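> sequence plus the predicted model coming up.
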Amino acid sequence: MLSKRARRDGKYANRSGRIFLTLMLSLLLTVFAMSCAYCSESGENEIVFEYCPAGHTTTEPGYWSNIFSGRLILEGLRGLRLERDHWQLAYEDLSAKSISFAEEQRRQWAEVENAIAEERATWQGELSRAKRPGFGAFIGVGYTTGKKVQGVAGIGFVFKF
């Protein structure tokens, strides 16, 4: 029978062995994935520019590429052009929606202002009509010459202060 210390040491040794095995397996898989023929870039898929002096293959010196590189560049430019056109159309669509929304808001705001102006004019008319003197019945409080308060009712001209 093993002592506690022996069991514990064996347990940790077993655990460190598993950790070491896991790390080695990950390292081997990483190295294998990087050296895989399908994962690495081949020379055919790269864009290559070469400096050519005058008279070698061209009349002027400069940097030139092969046909495959030119095709890759054109394919990339076409993709960028399609993406640019897509975003430009999306921008124009959003711009048109924004302009129509702003016009609709201006129209609604003008309607609200007109409604408020009409309501204010109506209110001012009613207020001025209410302040005009008129003929009618009145009820109120009156003071006598003896400074006594008494109720008053009658018919005649009515003023509003």
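Yep, it's here.
> okay, and the residue nearest in space to the middle of the chain sits in which element?
Here the mean C-alpha position of the chain is nearest to the C-alpha of residue 94 (Cα atoms, centre = their mean), at a distance of 12.3 Å. Here residue 94, judged by DSSP states H and E, is contained in helix 67-131.
> what are the contacting residues of the very next helix or strand once past that helix?
Reading on from helix 67-131 to the C-terminus, the next helix or strand found by DSSP H and E is strand 134-143. Defining contact as Cβ atoms under 8 Å, 6 or more residues apart in numbering, one finds that strand 134-143 is touched by 149-158. Every residue, glycine included, has its C-beta placed from N, CA and C.
> which residue is the nearest non-sequential neighbour of residue 45?
In space, and not counting its chain neighbours, residue 45 is closest to residue 72: 7.7 Å by Cβ to Cβ, 6 or more residues apart in numbering.
> repeat that for residue 57.
Once its chain neighbours are removed from consideration, residue 57 has its nearest residue in residue 64; the separation is 7.6 Å (Cβ to Cβ, 6+ apart).
> count the residues that sit near residue 130.
Residue 130 is surrounded by 9 other residues when neighbours are defined as other Cβ atoms under 10 Å.
> distance of it from residue 138?
Using Cβ to Cβ, to the nearest Å, one obtains 15 Å as the distance from residue 130 to residue 138.
> over to residue 74?
As judged by Cβ to Cβ, residue 74 and residue 138 stand 97 Å apart.
> and residue 77, by the same measure?
Noted for residue 77: a distance of 92 Å to residue 138, by Cβ to Cβ.
> pLDDT-wise, which helix or strand of this protein ranks last?
Of all the helices and strands that make up the chain, helix 4-35 has the lowest average by mean pLDDT, DSSP states H and E, namely a mean of 72.
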